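K.L.:
Let's see this in three dimensions:
(chains A, B, C and D)
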Number of protein chains: 4
Amino acid sequence: MTKGRLEAFTDGVIAILITILVLELRAPHGADVAALAPLAPAVLSYILSFIYIAIYWNNHHHLMHAVRHVDGRILWANVHLLFWLSLVPFATAWMGDNHFAPLPVAMYGGVLFMAAISFTILVRALIARHGPTSTLARAVGPDRKGWLSLALYAAAIPLAFVNRWIAVALYVSVAIVWLVPDKRIERVLIDDSAHAKPAEG
Amino acid sequence: MTKGRLEAFTDGVIAILITILVLELRAPHGADVAALAPLAPAVLSYILSFIYIAIYWNNHHHLMHAVRHVDGRILWANVHLLFWLSLVPFATAWMGDNHFAPLPVAMYGGVLFMAAISFTILVRALIARHGPTSTLARAVGPDRKGWLSLALYAAAIPLAFVNRWIAVALYVSVAIVWLVPDKRIERVLIDDSAHAKPAEG
Amino acid sequence: MTKGRLEAFTDGVIAILITILVLELRAPHGADVAALAPLAPAVLSYILSFIYIAIYWNNHHHLMHAVRHVDGRILWANVHLLFWLSLVPFATAWMGDNHFAPLPVAMYGGVLFMAAISFTILVRALIARHGPTSTLARAVGPDRKGWLSLALYAAAIPLAFVNRWIAVALYVSVAIVWLVPDKRIERVLIDDSAHAKPAEG
Amino acid sequence: MTKGRLEAFTDGVIAILITILVLELRAPHGADVAALAPLAPAVLSYILSFIYIAIYWNNHHHLMHAVRHVDGRILWANVHLLFWLSLVPFATAWMGDNHFAPLPVAMYGGVLFMAAISFTILVRALIARHGPTSTLARAVGPDRKGWLSLALYAAAIPLAFVNRWIAVALYVSVAIVWLVPDKRIERVLIDDSAHAKPAEG
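P.N.:
Numbers count the residues shown, from 1 in each chain, chains lettered A, B, ... in the order given. Down below sits the predicted model:
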């Protein structure tokens, strides 16, 4: 039941975040194409952030499948993740309104970096609770995609001041890496359903 | 459980979208009828969008009844649908603030067209997962209302530049077509409950 | 399951409405008491609307307890109720920003009147589905509080132009009448749990 | 089921409150560090309020674990708590926009004080319903942290006019006290699961 309420609260916050992103897109005053054109950077940063938040929802969803126990440390690790995700609309608006200027692009990467760190902390808290031989620990495995993402964000932040489009390209690359659903967790879960259910369920 | 969380997340996003629509209606500064009158186009576009989003919730709800399995492709097809629905408040505000000018009316139709396309993609992903002889595939059937809607939106977009009220009339017509609840899915489901439950449940 | 999703969607919309009400309270620019004082009408209308929306959530909650079946007509009657409730933040802001001027006060009553009408339509749709001898029909009974509310709203709308405080006093009176939880439905449900469960459950 | 819907509604409102807090952080117009610096007070008050609302969600969550019955009085005590929490975004914005001026800092404390009072009323309503020897009553116990928080808020409000940073330090202190998860309720619940489940479950 605790797990259920944790999922429900997280779903609620993520659903609101993905939806209030659109509040940053203000309808322009004119009614012609010329009025619409200046919105292009805001629309592009909107699409990128929409995809990022959907990826977090998707990964959270897959991760929680393998969770059997929730404690106070896990609850707060989850709140910490939601805190960094809650800054995505702000960072998106600042980046879009300033036409991808270097500092806002770097700060967008900083928010993504901290969100990825907080997801990793959540995963560690879950593994600490379930044990290193649990289904969950094996499902997460070496977490290559997680470490790759952190490295790319860390590279993108200084690169934004060299050429901002390199940083944006790195953010898009990380999104593409994650758009492929996390087969590892699904595969281990299915294996466990086949082998281990009599012992674990 | 995956289906439950997909429904909960979708309900959350749709509930927020249908509610933040009203944030576009700004209370006028004056307190007399003259201050209220200029709001009429915004109120009309608000009502139309409220009904459209309610129709999507209703159809999504009916569709998910017949769903038994969810995979990564289905999750992303659903996120794709939510993306286009998330642009409805923006398109509504632009159309209402500009008193139904041609370009905003055409763009409103474009968003509805893409939402309908993404609903069709979701239906195809569900049928691919459940098989062409599943309850779900038979419940959806030839999907005449879906194809009719797509044709009417496609017609409305260029017609908005001829006479915008023709386009608006087409949007209203599609809404009326869908306000009738989707008897097909309900009927097939009831048939299946009567005949096939011992085999399928 | 249909009932569960109807409740979840309604809870979502009502939770958002009750929360975005507060977005109408803009933080004043000054930091002294003089800056806060002009907010008083907005705060008063905020409190009144908060209580009204909480009453609707509470009554909806009690009503749905006795519901066993949901159909398309009931879904749309519920959406219709949510539509009128969704106009409450707009009407609240207009009334508060204009310091309870007659027309906004009358319009606030108009929105409450239509919300009450749509609640009555929902109750009728539920009774039509469950039959006049159902637990639900007996629980609703003659619905004296519902008819009294409609009469008081209908009186308040023209009276707002005579003396707006009479109208406001009537809105406050209706809220007080409903703040008492609906014992009728609870009582009949408890009776039915005691007597009729073997036959109905 | 009533408990479930109460939790779902509360989760919905708290998820929205914690998310719309971020709407107060408006993206600055410039794209350099000088444009970001004036946001510091707003960001600090945002972080503090985010943590406070997360603490309320966490404590509400722990409290509801031990709840077995819900009645009208409890529903309204819960709505009363949500009302005071709903004023947190307003108080946060006023405090942040005015760079922690004395009156906004005192009012922030006033909202926290009333939220704590309403949480205490909710706890009392729950104990009145479950009895003084219930698992819930024993889990809450003497509620030292609750009374300490009330005393610190009451001290902070006048102290804000002496030195506002003392008041802010007190708010931070209370948050730290509560960030430690409520072991009392968890411990008594675990004891009861071990001893009393055969009799109570």
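
K.L.:
And the residue nearest the centre of chain A?
P.N.:
A:Tyr56 (3.4 Å; C-alpha atoms, centre = their mean).

K.L.:
In this structure it contacts A:Ser86, no?
P.N.:
No: if you go by C-beta atoms under 8 Å, A:Tyr56 and A:Ser86 don't touch, sitting 11.5 Å apart. All C-beta atoms are positioned from the backbone trio N, CA, C, and that covers glycine.

K.L.:
Nearest residue to the residue nearest to the centre of chain A in space, ignoring adjacent ones along the chain?
P.N.:
Excluding its sequence neighbours, the residue lying closest to A:Tyr56 (C-beta to C-beta, 6 or more residues apart in numbering or on different chains) is A:Leu85, at 6.1 Å.

K.L.:
now do A:Gly110
P.N.:
A:Ile157 (6.0 Å).

K.L.:
Which secondary structure element is home to the one you found?
P.N.:
Here A:Ile157 sits within helix A:144-162, counting by DSSP states H and E.

K.L.:
Just give me how far that helix sits from the chain centre.
P.N.:
14 Å (C-alpha atoms, centre = their mean, to the nearest Å).

K.L.:
Show me which residues of chain A sit near chain D.
P.N.:
Contacts of chain A with chain D, taken as C-beta under 8 Å from any C-beta of the partner chain, map to A:1-2, A:5, A:8-9, A:12-13, A:16-17, A:20, A:23-24, A:71-73, A:75-76, A:79, A:82-83, A:86-87, A:89-90, A:93-94, A:97-98, A:101-104, A:107.

K.L.:
ok so, going back, the residue nearest to A:Gly110 and C:Leu126, how far apart?
P.N.:
Remark: distance between A:Ile157 and C:Leu126 (C-beta to C-beta, to the nearest Å) = 57 Å.

K.L.:
higher neighbour count, the two?
P.N.:
Remark: of A:Ile157 and C:Leu126, C:Leu126 carries more neighbours, 25 against 18, as counted by other C-beta atoms under 10 Å in any protein chain shown.

K.L.:
hang on, the more buried one packs against C:Leu63?
P.N.:
Yes: between C:Leu126 and C:Leu63 there is a contact under C-beta under 8 Å: 7.2 Å.

K.L.:
who touches A:His92 in this structure?
P.N.:
Quick fix: residue A:92 reads Thr, not His. Residues near A:Thr92 by C-beta atoms under 8 Å, 6 or more residues apart in numbering or on different chains: A:Leu21, A:Glu24, A:Ser45, A:Tyr46, A:Leu48, A:Ser49, A:Tyr108.

K.L.:
Filter the residues you listed down to the ones in helices?
P.N.:
Residues of these located in helices (DSSP state H): A:Ser45, A:Tyr46, A:Leu48, A:Ser49, A:Tyr108.

K.L.:
Most neighbours of all these, which one?
P.N.:
That'd be A:Tyr108 among the ones in helices among the contacts of A:Thr92, by other C-beta under 10 Å, with 30 neighbours.

K.L.:
thinking again about what came up before, could you verify my assumption that the residue nearest to A:Gly110 touches A:Gly109?
P.N.:
Yes: with contact defined as C-beta under 8 Å, A:Ile157 reaches A:Gly109; the gap is 4.6 Å.

K.L.:
returning to that earlier point: now for the residue nearest to A:Tyr56: which residues touch it?
P.N.:
The neighbours of A:Leu85, taking C-beta under 8 Å, 6+ apart as the test, are A:Val13, A:Ile14, A:Leu17, A:Ile53, A:Tyr56, A:Ala115.

K.L.:
and which of those residues is nearest to A:Phe161?
P.N.:
A:Ala115 (21.2 Å; C-beta to C-beta).

K.L.:
what's the average pLDDT for the helix or strand hosting A:Leu17?
P.N.:
Taking DSSP H and E as the definition, A:Leu17 sits inside helix A:2-20. Mean pLDDT, helix A:2-20: 89.

K.L.:
what's the next secondary structure element after it?
P.N.:
helix A:33-36.

K.L.:
Name the residues that touch that next one?
P.N.:
Taking C-beta under 8 Å, 6+ apart as the rule, helix A:33-36 contacts A:Pro28, A:His29, B:Leu103, B:Met107.
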